[in-house]
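Undergrad: Next one to model:
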Amino acid sequence: MMTTTKFTAGDMFPAITLPTLGGDSVTLGQPQNGADWQLVVIYRGKHCPLCTRYLNALETYKAQFLALGVDIVAASADSQAQLAAHMPQLSVSYPLGYGLSIEQMQALGCTSLIRAQNKKLIIPLQNLDCL
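TA: Model prediction:
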């Protein structure tokens with residue numbers, strides 16, 4: 001049976017700090033800019049055009065989120081070079097962390113969604129060797 005991490009109310013968010021292209025770092029789950037909450041978006045990476053559209057669309061809501069006390073951070077397993085190559089396609093001002101490890105993605109409950117013949121398979125990362 002395949003399992004994955006699922007957060008419930010009161011669970012501690014994993015302590016994950018990632019580098020950003022500016023030479024700084026960002027800690028997932030630690031709100032910035034005076035916000036009380038943080039929206040953490042884990043995206044597939046440069047190779048995903050849907051992710052690019054989503055990240056750009058999310059930027060248009062940034063001020064509204066901040067007005068509600070929520071800041072935004074996004075992260076992926078992309079390398080520094082991949083994120084740098086992706087930046088010309090992105091119009092975002094919120095932090096983008098890079099270099100998520102498989103262990104960090106597992107701690108966050110990330111899965112891989114595979115669509116084949118009109119069926120969806122959600123496969124926990126720890127079980128990708130079954131493919």
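Undergrad: Are we agreed that L55 is in a strand?
TA: No: with DSSP: H, G, I helix; E, B strand; the rest coil as the criterion, L55 is located in helix rather than a strand.
Undergrad: Bridging across strands, which residues link to the residue nearest in space to the middle of the chain?
TA: Note on the chain: the residue nearest the mean C-alpha position is I42, at 1.4 Å, using C-alpha atoms, centre = their mean. Taking DSSP bridges, one finds A75 as the beta-bridge partners of I42.
Undergrad: Which stretches in the chain count as helices?
TA: Using DSSP state H, the helices of the chain run over 49-59, 62-67, 80-86, 102-107.
Undergrad: So for F7, which of those sits nearest?
TA: Between F7 and the helices of the chain, the tightest spacing by C-beta to C-beta is seen for helix 102-107, at 10.3 Å. Quick note: C-beta positions are derived from backbone N, CA and C, even for glycine.
Undergrad: Go ahead and measure how far that closest one is from the middle of the chain.
TA: Computed by C-alpha atoms, centre = their mean, to the nearest Å, the chain-centroid distance of helix 102-107 equals 12 Å.
Undergrad: Q32: which of the helices of the chain is closest?
TA: When those are compared by C-beta to C-beta, helix 62-67 sits nearest Q32, at 9.9 Å.
Undergrad: Just the buried residues of the closest one, please?
TA: Buried residues in helix 62-67, counted by 16 or more other C-beta atoms under 10 Å: K62, F65, L66.
Undergrad: okay if I get those residues as CSV plus distance to C110 and pLDDT?
TA: Putting the buried residues of helix 62-67 into CSV (distance: C-beta to C-beta, whole Å; pLDDT from 0 to 100) gives the following:
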residue, distance to C110, pLDDT
K62, 23, 96
F65, 22, 96
L66, 26, 96
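Undergrad: circling back: among the helices of the chain, which gets the worst mean confidence?
TA: Ranked on mean pLDDT, the bottom entry among those is helix 102-107, at a mean of 87.
Undergrad: Can you find the helix or strand in the chain with the smallest mean pLDDT?
TA: strand 119-124 (a mean of 52; mean pLDDT, DSSP states H and E).
Undergrad: so how far is A75 from the nearest residue to V26 once chain neighbours are set aside?
TA: Spatial nearest neighbour of V26, excluding adjacent residues (C-beta to C-beta, 6 or more residues apart in numbering): P95 at 4.2 Å. From P95 across to A75, the span is 8 Å (C-beta to C-beta, to the nearest Å).
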